Structures are given as structure tokens and as C-alpha cells.
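# sequence plus predicted model, see below.
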Amino acid sequence: MSVFVLGLLGAVTPLAQAAGETPSPQPSPTLPSAVSPSASPTASTEPAGTVQPGVPISTMTPQARSRITLVLFDEDIVLVGGRDFAAGDDVTVAAETTSLGGSALTKADADGRFILGFRVPADFKGTVNVKASQGGATAADALDVTGPEAAAKEFKEAPALPDVPVQRSDTTTATGTTTATGTTTATGTTGTAASASPGTASPSPDAAGSPTPSAAPQPSPTADVTASPSPTASPFAAVGKGGRRQFGAASPSASAASPSAAGLPTVPPASPTPTTGAAAPAAGGAPEIDAGGTKSGLPWLSGFQSHQLAQLTEFGNWRGRPNDLVHVYTDRTSGWGGLVEPTWPVDLFKGFAGKLLISEPTYPKGQGDNGACARGEYDGQWKKLGSFLVQHGRGDSIVRIGWEFNGTFMYWHTDADPATFRTCFQKISAAIKSTDPQVKIDWTFNAHNSPVPTGNSPWGAYPGDEYVDYVGIDAYDHFPPSKDDATWNKQCEDVNGLCYVIRFAREHGKKVGVGEWGVASCSGDGGGDNPFYIQKMFETFKAAGDVMGYDAYFSDPTPGNVCSTITNGGQNPKSAAEYKKLFGTGAS
């Protein structure tokens, strides 16, 4: 049996830094003889299953107070977290697959916890079984892992997306359960406040509605991968404080090919009950939706996130192209009035001839839950929003309902089971459109990873073509940043990536929305002043001209957040120049 080596992680945060480093072979014939527990105070005070800001995690298996939990980080690093062990005593951690095996000795910290990490070969696909022993007590867990090269191979071999039937739910009971055969019930509720669960919060407005991004860790959900062990002679490599160290033969590097889209989106089943609603748009885009930027001259609507008309105008003047739309957020701390009768921020742009892109949570902060929404208890409120938009001459707005629902940093996030959120979204969409037939509805998730719903994919929460006009993504240059074509392709083609969204839009006759995007100069794993990222975003938008609906750059100068400002020689002068060249008057 080949041997892999486990190396103790001194803290979770250093791993995030190490994960971006290129492994350098440093053969070592021996295991660490004495491995000290985590030196980081945070690592010993956070409950298992949480992660500190700046740590991207790609897969987490939720468990009910299990003594050990396995987490897949960056596609090829498995973390083992233990709890409820005797403080200060040795813990033996053994791991094996069908072809690899090994063990390491560590100590539980003062709170009875430990963290270990090891790396699997890039072409590995299979189940990793881990057992932690201390005295006569043992705890075991298993995790299905697909390495980046294996994922890339699956993606290349994946069949085209199927013609998924449209989900309809015309008949509903008072509890929100659809009565048509084949639909799912949605009576559960979600938490009303986000906890410190893993998840990277994309910049979003603060409590008052102003656009202050909030830093948080990267999303991390459950991988839903079928175990299919692929024997390999490559040993696992240890991960330590100083970065990745390899033991024995060098592990294969990640393929530049695009991985991760092996699974197709999980879309709710169709109801056999016929409806009188409009048929789903034909594949290849929705021609009746906003055909290009009439003001900017770009093939899609292009704009900016702002709550000031003067700032919006300044941005258009700076880049040399007027804005087609402005992205605004309603005030979610002022009860229902702030959401469904949003004079602020709508009235701020009375003098703006373009379109409004409005981000709305599924209910006011501290005043409801997705379960009540799914039962239709808020339908009357959302009908008010449609009427309000029509009365204020903004009936053609785009409304992003419950954006970034796949991150636990949003209080309206979906549960592990997305049925409740899905039904809630359907209710809101139908209610708004009942009083504003002109409105367009946007379903947007956060890029890179999905802590929820289960499966490391947001697509289980897709409400069905009948309820969506735009499929959207918020995609910043972090977790991971895109430094070259290989890293760009890897994250873009992932099931949580922009390229996958474009593919889905073509198959389902939808337009693509990118309501938040930008460079990340002070994010935990940001790409900094990265003109390559700007270039790739523009090229991808342009190549998707048949389905590209809109983009809105998110400008954030706040220290400690993403720091994405590009205007007037700000924090990112190289990216600013590239943006101005491509999205400004130099664009074609």
C-alpha cells in the first residue's frame, strides 16, 4: 500500500495563504514525530464547522455533532477537524483509500480539538476514509473527493445539458405545498441570522443600504460526488504552516483544463399539470429581454453600482461610455416599507434615463423567514413592490431576489435542502409580476463555492424557468484569483462559475446578469490590481453576446474589504486602465 503523510495545520488562516503557493518537491522519508496542536487562538475557540475570514473552502459535509468532520479545500486538500477529545492528549489520525494509506499523531488543544490537512493527487477520484483514535475511543468519517484533473476530465466528457422541463406550481395550498404531482413541499424555515459559517461574502450593502462590502470566508458546502476510486501510485502530500510540502514522488500539478461541471444542475421537477402561463423562451437567449446597451453602445447593458446620481454620471464620463443601468440595494432594516415601497433608493435616480437593477432580500432583516415566504404569507407585500415600480415609472426594472442565497453570510440564505427557498423565490417572482408584468426577475448566486444548498452547487435552488428572466452571478477576483488562463478556466467552468452560467442560459433561453464583479486588492485571497481578470471578464461577456444581459461593476474603496475601486487612478491603476480601454471608448 502506498503511503501518504498528514501534516498538522498550525491555524486555518495560514492554509489559505499556503493554498495559493506552487508546491515544490522536498522529499522526506519520515513523518513528523511530534506534531503540536494549532497555535492560533482562533482555531481553538471557533466551533468545528466554522472557518475564519479569508479561508476558501470548497466542500463541507454537515454533520450533527460528529467528533470529526472532513472538509475539501481547494479541490485537492482534505482537512480533518476533531472535537470532544481529551485536551492535551495524543490523537492518532489514520486515513486510507483503495490505494493510499497512512497516519499521523497530533495532540488535542485545550478545547479538545485539532486540525490536520493532507493533499490528494490531482487525478484522484474516490472515497477517503479517516479514523481518529484516542485511548479506547474512536471517531470515523468518509469524504468523496474528486481532484482537479479528475474533475477536468469529467467536465470534458459531460453530455450537453438536458432540456429540463419548466417547473410550474399553479395550485398551492395555504401551507405553500404544491398540490400538483411531482412537486416538492416547502414548509421549512431558514435561520433569520447568518452565523459564522464558511462562506465568502461578496460585497453587499450594509444595514442602511449603502454599498459597504463585508469580508467573510469562502463558501463551503457538501460535495455530492459518486465514489469511483481511481488507483494511483502518487503519495499524498503534507500541508504545513510554511505552505505545501511534498513527500516522496512529486504529486501531479492541476490541469489547466476547466473542471468541476461534471454534475448537471439540479432543477426542480416539472409538474404535469398544464398551465395558462407563457411558454418558456426558446433556447439561445430571450430575445424580448433588453437587447443591448442603447446608451453605452456595448452589446449588453453595462453600468455601475451606486446610490448617488452624480457618482453614476461621473463613472460614465470617466470610462467614456454612458451607463445603461445602475445597481441599487433597498433598505432591509426598515421593515417591509424599505423593501416594497423603496422611495430610497428609487427616487435618487429620477434623473437617470437608464434602467434600475434592484437587489431585494426575501424578507426584512429580523422580520420573517423563508418558510413563511414559501407559504405565501408575504405575497401581498411583494405585490406592492410591483405596483410601486409601475407608479414610479420603473416598471421595466430588473429585480434580483434573494441574491447570493448560496452563502450563509446572507440572512435569507437557502437551507441545505433548497425546497423552501425555491418556493419562496417562486412566490415573490409571481407576486411582483402580477402587478408589474414588465419587470424582469433575476436569480443570482455567489461565485466560486456554495456552502448551501447541499452539493457545492447553487443549481438545486433554481426555481424553474417560468420564474426567472436572468440567471446571474456575483464574481469577484478572489477565492481563487485568476492570474492566468489555467486558473481562469478552472473557476469559470466550475458549476459555481460564470462560464457555466452562460452555458445554462443558452440551454434554458435566459439572459446572463453579472450584478457584482471587480478586482480584489484587499480580500483575503484576492488577485490585487489584476488587469488580466478585467480582460477575461470582458472577453467572456463579449463571447456570450447572444445571452449576455448586463454587467454592473462594483466599486469599493473600503479598507479591509475587496478594494475594487478603479475610477480616477484609485487603488488599482493597471486594472483601471484595462477597464477603460475595453469597456470604455476603446471597446468594439
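That came through, no problem.
# where in the stretch 451-588 of the chain is pLDDT low?
Per-residue confidence of the stretch 451-588 of the chain (counting by pLDDT under 70) places the weak regions at 569, 586-588.
# just the helices from it, written as ranges.
485-492, 498-508, 531-543, 573-583 (DSSP state H, counting those that start in this stretch).
# out of those helices, indicate the one that is most buried.
Sort the helices of the stretch 451-588 of the chain by mean neighbour count, taking mean count of other CB atoms under 10 Å, and helix 498-508 sits at the top with a mean of 22. For glycine as for every other residue, the C-beta is placed from the backbone atoms N, C-alpha and C.
# next, the angle helix 531-543 makes with it.
10 degrees (axes from the mean of the first three to the mean of the last three CA atoms, to 10 degrees).
# picking that back up, as JSON lines, the helices of the stretch 451-588 of the chain with distance to residue 439 would be great.
Putting the helices of the stretch 451-588 of the chain into JSON lines (distance: least, CB to CB, whole Å) gives the following:
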{"stretch": "helix 485-492", "distance to residue 439": "29"}
{"stretch": "helix 498-508", "distance to residue 439": "19"}
{"stretch": "helix 531-543", "distance to residue 439": "23"}
{"stretch": "helix 573-583", "distance to residue 439": "27"}
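# and stretch 95-110, C-alpha only, in CSV?
Extracted in CSV, the C-alpha atoms of stretch 95-110 (Å, rounded to 0.1, in the frame of the first residue of the first chain):
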residue,chain,number,x,y,z
ALA,A,95,-6.6,7.7,6.6
GLU,A,96,-6.9,5.3,3.7
THR,A,97,-8.4,4.8,0.2
THR,A,98,-8.4,1.8,-2.0
SER,A,99,-4.7,2.5,-3.0
LEU,A,100,-3.3,5.0,-0.4
GLY,A,101,-2.9,5.0,3.3
GLY,A,102,-1.1,6.5,6.3
SER,A,103,-1.4,8.0,9.7
ALA,A,104,-0.1,10.8,11.9
LEU,A,105,0.0,11.7,15.6
THR,A,106,-1.2,15.0,16.9
LYS,A,107,-2.5,16.4,20.2
ALA,A,108,-5.9,17.9,21.0
ASP,A,109,-5.7,21.5,22.1
ALA,A,110,-7.1,23.0,25.3
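# flag every buried residue along it.
Buried residues in stretch 95-110, defined by neighbour count with 16 or more other CB atoms under 10 Å: 95, 96, 97, 99, 100, 102, 103, 104, 106, 107, 108, 109.
# in the stretch 51-200 of the chain, where is pLDDT below threshold?
For the stretch 51-200 of the chain, the stretches flagged by pLDDT under 70 are 51-66, 74, 152, 154-200.
# strands of that one, start to end?
59-60, 68-73, 77-82, 90-96, 100-107, 114-119, 125-134, 137-146 (DSSP state E, counting those that start in this stretch).
# pick the most deeply packed of those.
Most buried among the strands of the stretch 51-200 of the chain, given mean count of other CB under 10 Å as the contact rule, is strand 59-60, at a mean of 28.
# picking that back up, looking at the strands of the stretch 51-200 of the chain, which is closest to residue 402?
strand 59-60 (21.5 Å; CB to CB).
# any idea of the mean pLDDT in the longest helix seen in the chain?
Ranked by residue count and defined by DSSP state H, the top helix of the chain is helix 419-435. Mean per-residue pLDDT for helix 419-435: 98.
# now do the buried residues in that helix.
419-433, 435.
# elements contacting that helix?
If contacts are counted by 3 or more CB pairs under 8 Å, 6 or more residues apart in numbering; DSSP states H and E, helix 419-435 sits against helix 370-374, helix 379-391, strand 398-401, strand 440-446.
# to residue 147, which of those lies closest?
Comparing those by CB to CB, strand 440-446 comes nearest, at 23.8 Å.
# got CSV for the helices and strands packed on helix 419-435, with distance to residue 481 and mean neighbour count too?
Output for the helices and strands packed on helix 419-435, formatted as CSV (distance: least, CB to CB, whole Å; neighbours: other CB atoms under 10 Å):
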stretch, distance to residue 481, mean neighbour count
helix 370-374, 32, 26
helix 379-391, 37, 19
strand 398-401, 25, 26
strand 440-446, 16, 25
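# dump the ones you listed into a markdown table; add mean pLDDT and distance to residue 510 as well.
Shown next, in a markdown table, are the helices and strands packed on helix 419-435 (pLDDT from 0 to 100; distance: least, CB to CB, whole Å):
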| stretch | mean pLDDT | distance to residue 510 |
| --- | --- | --- |
| helix 370-374 | 98 | 23 |
| helix 379-391 | 98 | 21 |
| strand 398-401 | 98 | 12 |
| strand 440-446 | 98 | 9 |
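# turn those into a markdown table, columns for distance to residue 468.
Shown next, in a markdown table, are the helices and strands packed on helix 419-435 (distance: least, CB to CB, whole Å):
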| stretch | distance to residue 468 |
| --- | --- |
| helix 370-374 | 17 |
| helix 379-391 | 15 |
| strand 398-401 | 9 |
| strand 440-446 | 5 |
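# of those, which is nearest residue 144?
strand 440-446 (22.5 Å).
# could you check the angle helix 498-508 makes with that closest one?
150 degrees.
# now the angle from the longest helix of the chain to helix 379-391?
Per the same axes, to 10 degrees, the angle that helix 419-435 makes with helix 379-391 is 40 degrees.
# if we can go back for a sec, how about the helices of the stretch 451-588 of the chain, which one is nearest residue 343?
Of all the helices of the stretch 451-588 of the chain, helix 573-583 comes closest under CB to CB, at 31.1 Å.
# show me the strands in the stretch 251-400 of the chain, by range?
Under DSSP E, counting those that start in this stretch, the stretch 251-400 of the chain gives strands at 301-305, 325-329, 355-360, 398-401.
# can I get these in a markdown table including distance to residue 386?
Output for the strands of the stretch 251-400 of the chain, formatted as a markdown table (distance: least, CB to CB, whole Å):
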| stretch | distance to residue 386 |
| --- | --- |
| strand 301-305 | 21 |
| strand 325-329 | 17 |
| strand 355-360 | 12 |
| strand 398-401 | 9 |
